[in-house]
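[1] One predicted model, sequence on top.
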Amino acid sequence: MNKLNKQKIAYNLDKICKSDQFINSGRNIRLLNFLVEKALDDSFVKEQVIGFELFEKDYNPDERNSKVRVYMYKLRQKLEEYYKNDGKFDELKFEIKKGQYNLNFVEEQISTKTKLSWWKIATPIVIALIIAAIYLNPFEEKDNIWTSFFNSSNETICFISDQFIVSKKEGDNILFTYILNVDDKSELNEYQNQVKDTSYNPATFSYITKMAPVAIHSLTKLFLKNDTDFSVELESDFKYDDLKKKNLIFIGQYNCLHQSKNLFLDNSKVFKTNKGSFQYYTKNDTINYFNKVLTDKALEYAMVSYRKMDNGNNVLFFSSNHDIGVIATVRNFTNEVWLKKFNHEFVKNGESFNALFEVTGYKRTELESKLIQIEVLE
């Protein structure tokens, strides 16, 4: 492979990765880069090679693991879509034949006449599209919080806030309940010493509310649309080591946070939580935002907190004290139109932020939310 060809390959690879078909598909970008690298080295690629080198611990050849085949199928689809659209007139094409894992470079000659004819047709169309984009779509597509997740080479974990449950034997029955402000074994021991009652024991399970499946459903649709995925774990299982190599999403009640409570809002200069409320500090006053029960609906406050860590990983919290706050804010931030407007007004360059929302409604239907306060962190 001579130097000119390598430069041409690198140019086309970069063009593909920045195309509309690939720009939000971090997994396809990583897989395509891997296959191009192997092709340049003249390495023969098998399913196990991709599994071990690209997916590492998530791949087990001894199991009926179709992960690699599924991703290869999606990559072929993306390449086909690219060459029908943005790459229609590329002279160098990347080809992966069905049933194979090796990538081939195919050069196609396009006549000068064809190129000129296409340019005459395309020029006025391109100009018209640019004008339309400027005047008809003020919310230009920019990097947002999700772009950082989708394009990251690291795994994403979504942690669900779970309530610590205790058991207590009364006669022949065992009762299960929770104790306010008791979120782990050490806090249970402290509580029992205070009330002088040692009859409580940690239950073998924890409790989550309906916000979890509703929010996970919204996140799953968004991640699948962008050809990536995430794993789900309970927040009580969170370890600070997860910050080193993972992108993290937390959803749920902030009163039920365990280890991650020290991470939530610790970068804020104006927000704090205090016994079921959010506090907002100004130069002259402190505003408390308490949840309320109205005549025919509930009102609660929800915090969306996004930050990029020093190591480049992303941490995102959707947190409120009940269900509707989390459900409404997750719904907003997974809505492309809503998110474009939010980015345009507040976080144009992907800055970290803490945003407080007021949410009203009942259960998970007919929810309304509005932004109350926002802190954008430089």
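    That came through fine. Numbers count the residues shown, from 1 in each chain.
[2] low pLDDT regions in the stretch 251-378 of the chain?
    Applying pLDDT under 70 to the stretch 251-378 of the chain flags the ranges 363-366.
[3] Just give me the longest strand of this protein.
    strand 365-377 (DSSP state E).
[4] I am assuming S319 contacts Y301, so please confirm or correct that.
    No - counting by C-beta atoms under 8 Å, S319 stays clear of Y301, with 9.9 Å between them. Every residue, glycine included, has its C-beta placed from N, CA and C.
[5] what about the helices in the stretch 51-200 of the chain?
    67-84, 112-136, 145-150, 185-195 (DSSP state H, counting those that start in this stretch).
[6] Of those, which shows the lowest average pLDDT?
    With a mean of 53, helix 112-136 has the lowest mean pLDDT of these.
[7] Surely T273 is within a helix?
    No - looking at T273 with DSSP: H, G, I helix; E, B strand; the rest coil, it is strand, so not inside a helix.
[8] oh, and call the first residue 408 from now on, that's how I've got it
    Will do, 408 is the new start, and the previous item becomes T680.
[9] who's in contact with it?
    661, 671-672, 686 (C-beta atoms under 8 Å, 6 or more residues apart in numbering).
[10] Now with 10 Å, please.
    Listed by C-beta atoms under 10 Å, 6 or more residues apart in numbering, the contact partners of T680 are 661-662, 664, 668, 671-672, 686, 710, 726, 728.
[11] Show the contacting residues for L664.
    Counted by C-beta under 10 Å, 6+ apart, L664 has contacts 566, 568-569, 590, 642-643, 645, 657, 670-671, 680, 724, 726.
[12] Could you tell me which of those residues count as buried?
    566, 568-569, 590, 642-643, 645, 657, 670-671, 680, 724, 726 (16 or more other C-beta atoms under 10 Å).
[13] Report the secondary structure element holding D717.
    Using DSSP states H and E, D717 sits in no helix or strand.
[14] From N674, how far off is it?
    D717 sits 11 Å away from N674 when distances are taken as C-beta to C-beta, to the nearest Å.
[15] and if you look at F725?
    Distance of F725 to N674, computed by C-beta to C-beta: 17 Å.
[16] Neighbour count for those two, which is higher?
    Each of F725 and N674 has its neighbours counted (other C-beta atoms under 10 Å); F725 has more, 29 against 14.
[17] Not counting sequence-adjacent ones, nearest residue to that one?
    Leaving aside its chain neighbours, F725 sits nearest to I658 (4.7 Å; criterion: C-beta to C-beta, 6 or more residues apart in numbering).
[18] May I ask you to confirm that that neighbour belongs to a strand?
    Yes - counting by three-state DSSP, one finds I658 located in a strand.
[19] Test my guess that it contacts R738.
    No - using C-beta atoms under 10 Å, I658 makes no contact with R738, being 11.8 Å away.
[20] so what sits against both of S726 and Y708?
    685, 732.
[21] Now L670: closest residue in space, sequence neighbours ignored.
    Counting by C-beta to C-beta, 6+ apart, V722 is the residue found nearest to L670 once chain neighbours are left out, at 6.8 Å.
[22] if we look at the sheet, which residues does the one you found bridge to?
    L655, R714 (DSSP bridges).
[23] how is the protein carved up into domains?
    Domain ranges of the chain: 410-544, 562-568+616-784, 570-614, per automatic domain parsing.
[24] Please compute how far the shortest one lies from its chain's middle.
    I take that to be domain 570-614. 34 Å (C-alpha atoms, centre = their mean, to the nearest Å).
[25] Could you do stretch 674-681 as well?
    That offset, for stretch 674-681, works out to 23 Å (C-alpha atoms, centre = their mean).
[26] try stretch 668-675
    Worked out by C-alpha atoms, centre = their mean, stretch 668-675 lies 19 Å from the chain centre.
[27] So which of the contacts of L664 are in strands?
    Counting by DSSP E, the part of these found in strands is 566, 657, 680, 724, 726.
[28] Mind listing the residues bridging to the third one?
    Taking DSSP bridges, one finds F685 as the beta-bridge partners of T680.
[29] now the last one
    Beta-bridge partners of S726, counted by DSSP bridges, are G659, M710.
[30] what residues are up against D427?
    By C-beta under 10 Å, 6+ apart, the neighbours of D427 are 488-489, 492-493, 548.
[31] And it, what's its pLDDT?
    The model's pLDDT for D427 equals 85.
[32] State the distance from it to H624.
    With C-beta to C-beta as the criterion, D427 and H624 are 26 Å apart.
[33] do the same with V733
    12 Å.
[34] neighbours of N608, just the number please.
    14.
[35] Tell me who's in contact with it.
    The contact partners of N608, by C-beta under 10 Å, 6+ apart, come to 573-576, 581, 592, 595, 599.
[36] Poorly predicted segments of the stretch 508-657 of the chain, please.
    516-550.
[37] redo that, cut-off 50
    Per-residue confidence for the stretch 508-657 of the chain (pLDDT under 50) gives these ranges: 519, 521-523, 525-526, 541-548.
[38] before we move on, back to that, which neighbours do I658 and R738 have in common?
    With C-beta under 10 Å, 6+ apart as the test, I658 and R738 both reach 621-622, 625, 725.
[39] Among these, which are located in helices?
    In helices, judged by DSSP state H, the following of these are found: 621-622, 625.
[40] F441 touches I503, doesn't it?
    No - if you go by C-beta under 10 Å, F441 and I503 don't touch, sitting 11.9 Å apart.
[41] okay, and the common contacts of those two?
    Common neighbours of F441 and I503 (C-beta under 10 Å, 6+ apart) are 452, 510.
[42] Can you give me the first-to-last residue distance of stretch 556-564?
    10 Å (C-alpha to C-alpha, to the nearest Å).
[43] still on that earlier bit, just the buried residues from the ones in helices among the shared contacts of I658 and R738, in PyMOL please.
    Only the buried entries of these go into this PyMOL selection, using 16+ other C-beta under 10 Å:
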select buried, resi 621+622+625
